[in-house]
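**Student:** For reference, the sequence and a predicted model appear below.
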Amino acid sequence: FQQKNYGLAGGGPVRIPHLYNGTDRTFFYGAWEGQRFSEGQVFVSSIPTALNQQGNFSQTVINYNNGAPVYAQIYDPFNGYTDTNVSDCTGPLASQFASQGSCWVRPQYPNNTIPLTASGGLSGQSKLFAHYMALWPNPNHAPAANNDHLNNRYDQIQLRTPIDKYFFRVDDAIKTNHHVMGTVSRSMITSSVPPPFKHAATSLTTDEDWLGDFLYTWTPGPRTVINFRLGIGVSDLVSTGVSGDGSLPDPTVDTSTWGFDSLLASNNEKTTNEIAPVANLGGDPGYTHVGGDQYDSFITQTDNGTVSLTRLFGRHTLKAGYEQYFIRFTEQGGDGTGVINLNAGGGSNQYWNQNDGLSGDQLSELMMGSSNFYSWGNWNITPFGWNQAAYVMDDWKVNSKLTVQIGLRWDHDGARQGKHRSEE
């Protein structure tokens, strides 16, 4: 890895030749701090094999039994028949089948290979899923022991995290008893995780924060100080590839022509056709996700104004103040493909609704067109509200060794309401 840190700072009186001379009253200070961090990593993926691409799952490992690999036994989820010979009704529900006198039998694919087209009473490969298979690259590494596809691709990626922080301040003594100070600062942090291969997950997170502050101090007498302060803070956090499900757009991809269900194709929350809904084929051993366009953003804004009074009375230092805050929070997020996940729909295992881990395979189910998808929708949540606070306190110097502090503070956290639905 590499890490480089930079910094620059400077300050002094404000002097503009022939225009302004603030040698004894106006001063500025500015600073910048930067960091550049990068780290190389090897990203390990699990990719469908050349046999999988052809519909052949005879060598696909789906589980382990006492340390030995369990190879996929693929059954057709869309065909079958009722078998009244209860001796054929085996598996986890055998006793139930025996009592009811029949069971539903799914046909197994010869050599556990799904044909390109339907034939012999068996379903064929889904034309839609052929588009998904094209999103995965070829394996480039030997798989893990006792497996055919687990950890069979290695890619080098470079993680980068640039950080920049800026600060600027101006102080001015308007008169002997009148002073003003203004500050502004900005912080920008970016975390970038590139995709190990095209259509794989990538992540980009930016965190930008702005702070501004203005302070006016009035000293009407040697025992009295009055402060007026205004402040604003804005934090903007944007993240793409949330949950590891976000790939870059590909202009050669047009999912509107893939043949998705009309509910998905016409979803008005879909914003791109250049990214496929993420294929969620997790599990162990599963497959590395491809596609997806999940994102989330948070903007927090805080505006505040305060006024305070400090007054000396003999051994007592009395302080009182009032604070007013305006707080607004905005969250926007969702998935630009219109759905959160495209999942295997089940049915490739031997027994109806009984996935015992000894038959079936998620990738084969998607290849046959057995799938489901869901979405929690895109959202735009913007609550805001007002907070108030007031306080009074006394620092009582009893003697040179003892100071007693007594105070009372009131805080009110106002109700929040939505920008788009004020009644909420």
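**Tutor:** Okay, I see it. Since the structure is predicted, the reported quantities are computational estimates derived from the model, not experimental observations.
**Student:** So for the lengthiest strand in the chain, what gets flagged as buried?
**Tutor:** Longest strand in the chain, counting residues (DSSP state E): strand 153-175. By neighbour count with 16 or more other CB atoms under 10 Å, strand 153-175 contains the buried residues 153, 155, 157, 160-161, 163-167, 169-171. For glycine as for every other residue, the C-beta is placed from the backbone atoms N, C-alpha and C.
**Student:** One more: stretch 98-113?
**Tutor:** Buried, per 16+ other CB under 10 Å, within stretch 98-113: Cys103, Val105, Arg106, Tyr109, Asn112.
**Student:** Could you tell me which of the residues you listed are located in strands?
**Tutor:** Members of the buried residues of stretch 98-113 lying in strands (criterion: DSSP E): Cys103, Val105.
**Student:** one step back: which one of the buried residues of strand 153-175 is nearest Phe78?
**Tutor:** Checking the buried residues of strand 153-175 against Phe78 by CB to CB gives Arg153 as the nearest, at 31.5 Å.
**Student:** Can you tell me which of the buried residues of strand 153-175 is nearest Ile189?
**Tutor:** Distance to Ile189 across the buried residues of strand 153-175 (CB to CB) is lowest for Ile163, with 5.0 Å.
**Student:** and the longest strand of the chain, what other elements does it pack with?
**Tutor:** Packing partners of strand 153-175 (3 or more CB pairs under 8 Å, 6 or more residues apart in numbering; DSSP states H and E): strand 26-45, strand 178-193.
**Student:** ok, residues contacting the last one?
**Tutor:** To tie it back to what came earlier, the one meant is strand 178-193. Taking contacts as CB atoms under 8 Å, 6 or more residues apart in numbering, the residues outside strand 178-193 that touch it are 157, 159-174, 202-219, 241.
**Student:** which secondary structure elements does the helix or strand containing Ala390 contact?
**Tutor:** Following DSSP states H and E, one finds Ala390 within strand 383-399. For strand 383-399, the packing partners by 3+ CB pairs under 8 Å, 6+ apart come out as strand 316-335, strand 402-413, strand 417-418.
**Student:** Run me through the strand neighbours of the first one, direction for each.
**Tutor:** Yep, that's strand 316-335 we're talking about. According to DSSP bridges, strand 316-335 has the following sheet partners: strand 294-313 (antiparallel), strand 379-381 (antiparallel), strand 383-399 (antiparallel).
**Student:** Okay, angle between that strand and strand 402-413 too, please.
**Tutor:** Comparing the axes of strand 316-335 and strand 402-413 via axes from the mean of the first three to the mean of the last three CA atoms, to 10 degrees yields an angle of 40 degrees.
**Student:** If we go by neighbour counts, what in strand 316-335 is buried?
**Tutor:** Buried-residue list, strand 316-335, by 16+ other CB under 10 Å: 317, 319-321, 323, 325, 327-330, 333-335.
**Student:** helix or strand right after it?
**Tutor:** Sequence order places strand 341-344 as the next helix or strand after strand 316-335, per DSSP H and E.
**Student:** Packing partners of that following strand?
**Tutor:** For strand 341-344, the helices and strands in contact under the criterion 3+ CB pairs under 8 Å, 6+ apart are strand 279-280, helix 362-368, strand 371-374.
**Student:** what pairs with the closest residue to Thr217 other than its chain neighbours across the strands?
**Tutor:** Closest residue in space to Thr217, ignoring its immediate chain neighbours: His179 at 4.5 Å, by CB to CB, 6 or more residues apart in numbering. For His179, the beta-bridge partners under DSSP bridges are Ala173, Thr217.
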